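# Requesting a structural model of the entry that follows:
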Amino acid sequence: MLEIYKKVVFENYANFKGRARRKEFWTVVLVNVIISVVLSVVLGIISSSIAMLANIFSLAVLIPSIAVGVRRMHDVGKSGWYILIPLYDIYLAAMEGERGPNQYGADPKSQLEDLKEIGKDLN
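Here you go, the predicted model:
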């Protein structure tokens, strides 16, 4: 789970091209929420003046969060602008992505499944 998060936040910081699987998108959302809540609570208990550090974290992960959201919309065959439509974007993010390549790139799920099949036909 943390490997996926590191890949999105550090390697694909502002990558708005391509597609993102549901697992990638929801992992980023979950980890961001957990870290934000923990930082807010812990820093709020220590001192309300340093609790603003939680906001700095939220600003730091804003761009990668938007980028993975745009790539998630691409996976379901929609424009990245669909992340601006409340509730419908959550519905789209929960849908299974289009199978096979679409106008935004190759299917990220099939690439992983293809790797699992390597070597199975060598009987």
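
# so residue 39 is in which element?
Assigned by DSSP states H and E, residue 39 falls within helix 22-46.

# Run through the neighbouring helices and strands of that helix.
Helix 22-46 sits against helix 2-6, helix 52-60, helix 62-75, helix 88-94, with contacts defined as 3 or more Cβ pairs under 8 Å, 6 or more residues apart in numbering; DSSP states H and E. In this view, the C-beta of every residue, glycine as well, is placed from N, C-alpha and C.

# Any idea which of these gets closest to residue 107?
Closest approach to residue 107 among those is made by helix 62-75 (8.1 Å; Cβ to Cβ).

# Report the buried residues of that closest one.
By neighbour count on 16 or more other Cβ atoms under 10 Å, the buried set for helix 62-75 is 64, 65, 67, 68, 69, 70, 71, 72, 73, 74, 75.

# Residue 15: neighbour count?
A count of neighbours around residue 15, defined by other Cβ atoms under 10 Å, yields 15.

# And it, how far from residue 68?
Look at residue 15 and residue 68: by Cβ to Cβ, to the nearest Å, they are 9 Å apart.

# Over to residue 53?
Residue 53 sits 23 Å away from residue 68, going by Cβ to Cβ.

# now do residue 74
10 Å.

# between the two, what contacts are shared?
Taking Cβ atoms under 8 Å, 6 or more residues apart in numbering as the criterion, residue 74 and residue 68 both touch residue 20.

# Got phi/psi on the nearest residue to residue 18 once chain neighbours are set aside?
Once flanking residues are discounted, residue 18 sits nearest to residue 105: 4.5 Å by Cβ to Cβ, 6 or more residues apart in numbering. Per-residue torsions, residue 105: phi 140, psi -170 (degrees, to the nearest 10).
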